[in-house]
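Colleague: Have a look at this prediction, sequence included:
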Amino acid sequence: MKKTLTTLVFVSLFTFAEAQQTRVATPTPAPSPVNTPAAKDEKPTLTIPFNPDAFVLTEHTTTIKGQKIPFQATTGTMPVWDEDGKAIAGLFYTYYERTDIKDKTTRPLVISFNGGPGSASVWMHIAYTGPHLLNIDDEGYPVMPYGIKENPYSILDVADIVFVNPVNTGYSRPTSKEVPTSKFFGVNADIKYLADWIGTFVTRNNRWASPKYLIGESYGTNRVSGLALQLQTAQWMYFNGVILVSPTTLGIERDGVSGPALRLPYFAATAWYHKMLSADLQKKDLTEMLPEVEAFTINELLPALSKGGSLDDAKRKEIAAKMSKYSGISEKVILQNNLDISTEFFWKELLRDKGYTVGRLDSRYRGIDKKDGGERPDFNSELTSWLHSFTPAINIYLRNDLNYKTDLKYYMFGPVHPWDRTADNTGENLRAAIAQNPYLHVMVQSGYYDGACDYFNAKYNMWQMDPGGKLQNRISWKGYRSGHMMYLRREDLQSANEDIRQFIKQSLPKPGQPAKY
């Protein structure tokens, strides 16, 4: 990783355009807190300056798949405009452009979001697709000293990338406390203002001709699913692909029967990893064993649960025995819970006799609770581990490598609640966007050990989103032997990035191919 040019900072719309032409370097010190006037007998309060329209430019090189790649990083804020053309927020972003490719008309642009809601872009930025990685071991555990290294698997060789932080994540902030939070904090409000922001970003950076892709992780999959349609209908901007990393249910209804049933394949994967299954299942490879569990889930468990109290005792016991075989949870406990084992209880119960819990977002991780008894773990063992390494790394990287100086706190998880979850139709929005845009393709990426957004529910999304099966040739699914952030495991980091690389290449239309059915 080599940095060859330091800072550029420009603070208005006019000077932004001027900067794009002149590239005059202007060193800028970190802003200092200032005292705001206080009422009589009150202590002055400290206010940290926030500029919603400024950026810093740095030049770098990295090596991806053995090839030396020069690129520039634009790090800064860009406004969210209201209906009257007033800046109501500034979104913090980092934009990576490969600099040895001058023609951007065929150069793909990937717009990247994380989830939460309330989560910064840090996770995929410095652990997945970006040109730099945080310092972790090959399985994703923290390693000291904290810091950054090159990402030899980044997709920057085939696409430019912008990592976007919605309001109150990263360094993104409203311009005033007077701006109503309802402008930002809700399923549909989030989609609306981010579509407007993307429109501004694409225009400012002259990327209208480029093939464009959205990628979102976790709640970010709701975000990009809704954006796919919103960008088509409100910005008249059409995309070539949407990548859903560890997707949520996308607003697709789960009734009282499907919810409990669909968890079982994830339970089986986790129990297999911890060697809690019977010998005949343990001797099979993971992907050899799971189809058997999936078939039982759809063909036997779902119908049995639909019968509820009318299910006869013999059949109930038969179903419980099979659930026990596939989950590592005792038949007695399953019967005590009426065939409905919650994920929280599973994380506590699977290794209870060994004195451990398993992680929520990545169930390979183990935790230790104060008491072995109870219904749920005391803490998320995997998230605690991840924050060890991510928080220092992003603060070091932004300040030292990207030369972005501010006294604002970088919100790993920001204050965005209450979040309005009503009218979440994001799965249906994505279906409509695919149907209306013959160029649009979707790829889903899931970790087998993800207990928050499990892999089998991701498959269920695909089936229910397209019940007629007419779009299945443009929807694909990939599974990885890790959890929610599958890219933390080095083997999956390599394969998952390669899957994105191939998805981009395969979803680009052939020269002259029209967008029509």
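Modeller: Nice, thanks for sending it over. In this text, all values refer to a predicted model and were calculated from it rather than measured experimentally. Numbers count the residues shown, from 1 in each chain.
Colleague: what is the residue nearest the centre of the chain paired to in the beta sheet?
Modeller: Within the chain, one residue has its C-alpha closest to the average C-alpha position: by CA atoms, centre = their mean, that is E217, at 1.7 Å. Going by DSSP bridges, E217 is paired in beta bridges with V245.
Colleague: and I475, backbone torsions?
Modeller: Dihedral angles phi and psi of I475 (degrees, to the nearest 10) take the values phi -130, psi 120.
Colleague: what number of residues lie near it?
Modeller: Per other CB atoms under 10 Å, the neighbour tally for I475 reads 21. C-beta here means a position set from N, CA and C on the backbone, and glycine is covered the same way.
Colleague: Pretty sure it sits against V444.
Modeller: Yes. At 7.4 Å, I475 and V444 qualify as touching, with contact defined as CB atoms under 8 Å.
Colleague: shared neighbours of the two, which are they?
Modeller: Overlap of the contact sets of I475 and V444 (by CB atoms under 8 Å, 6 or more residues apart in numbering) consists of M462.
Colleague: Next, work out how far apart the residue nearest to the centre of the chain and E491 are.
Modeller: 19 Å (CB to CB, to the nearest Å).
Colleague: give me the element I198 is part of.
Modeller: Mapping I198 onto the secondary structure by DSSP states H and E places it in helix 187-204.
Colleague: Would you agree L214 falls within a strand?
Modeller: Yes. Going by DSSP: H, G, I helix; E, B strand; the rest coil, the assignment for L214 places it inside a strand.
Colleague: Not counting its neighbours along the chain, what's nearest it?
Modeller: Using CB to CB, 6 or more residues apart in numbering and skipping the chain neighbours, the partner closest in space to L214 is V224 (4.0 Å).
Colleague: Quick one, grab the pLDDT at that neighbour.
Modeller: According to the predicted model, the pLDDT of V224 comes to 98.
Colleague: Verify the stated contact: it with E217.
Modeller: No. If you go by CB under 8 Å, V224 and E217 don't touch, sitting 9.3 Å apart.
Colleague: what residues are shared contacts of those two?
Modeller: Once CB under 8 Å, 6+ apart is applied, the residues that V224 and E217 both contact turn out to be F113.
Colleague: ok, the residue nearest to H388 when sequence neighbours are not counted to F163 distance?
Modeller: On the basis of CB to CB, 6+ apart, the spatially nearest residue to H388 that is not a chain neighbour turns out to be P142, at 3.8 Å. In this structure, P142 and F163 are 22 Å apart, going by CB to CB.
Colleague: Of those two, which one has the most company?
Modeller: Neighbours per residue (other CB under 10 Å) separate P142 from F163, with F163 holding more: 26 against 18.
Colleague: Let's verify that one: helix, strand, or coil?
Modeller: For F163, the reduced secondary structure class is strand; criterion used: three-state DSSP.
Colleague: what's near enough to touch it?
Modeller: Taking CB under 8 Å, 6+ apart as the contact definition, F163 lies against 93-95, 112, 121, 124-125, 130.
Colleague: For it, give its distance to K102.
Modeller: The separation that F163 has from K102, given CB to CB, amounts to 23 Å.
Colleague: Check what pLDDT S12 gets.
Modeller: The per-residue pLDDT reported for S12 equals 33.
Colleague: From K478, how far off is D492?
Modeller: Distance from D492 to K478, by CB to CB: 10 Å.
Colleague: Neighbour count: those two, which is higher?
Modeller: Between D492 and K478, counted using other CB under 10 Å, the more crowded position is D492 (23 against 19).
Colleague: Which pLDDT does the model give the more buried one?
Modeller: Spelled out, the predicted local distance difference test score at D492 is 97.
Colleague: packing partners for the top strand by length along the chain?
Modeller: Longest among the strand segments of the chain by residue count, using DSSP state E, is strand 67-81. Secondary structure elements in contact with strand 67-81, counted by 3 or more CB pairs under 8 Å, 6 or more residues apart in numbering; DSSP states H and E, are strand 54-64, strand 87-98, helix 187-204.
Colleague: Tell me which residues are up against the last one.
Modeller: I take that to be helix 187-204. When contacts are taken as CB under 8 Å, 6+ apart, the neighbours of helix 187-204 outside the stretch itself are 16, 78-81, 89, 91, 93, 109, 111, 113, 117, 162, 164, 166-167, 182-184, 207-208, 212, 222-223, 226-227, 230-231, 234-235, 237, 251, 419-424, 426.
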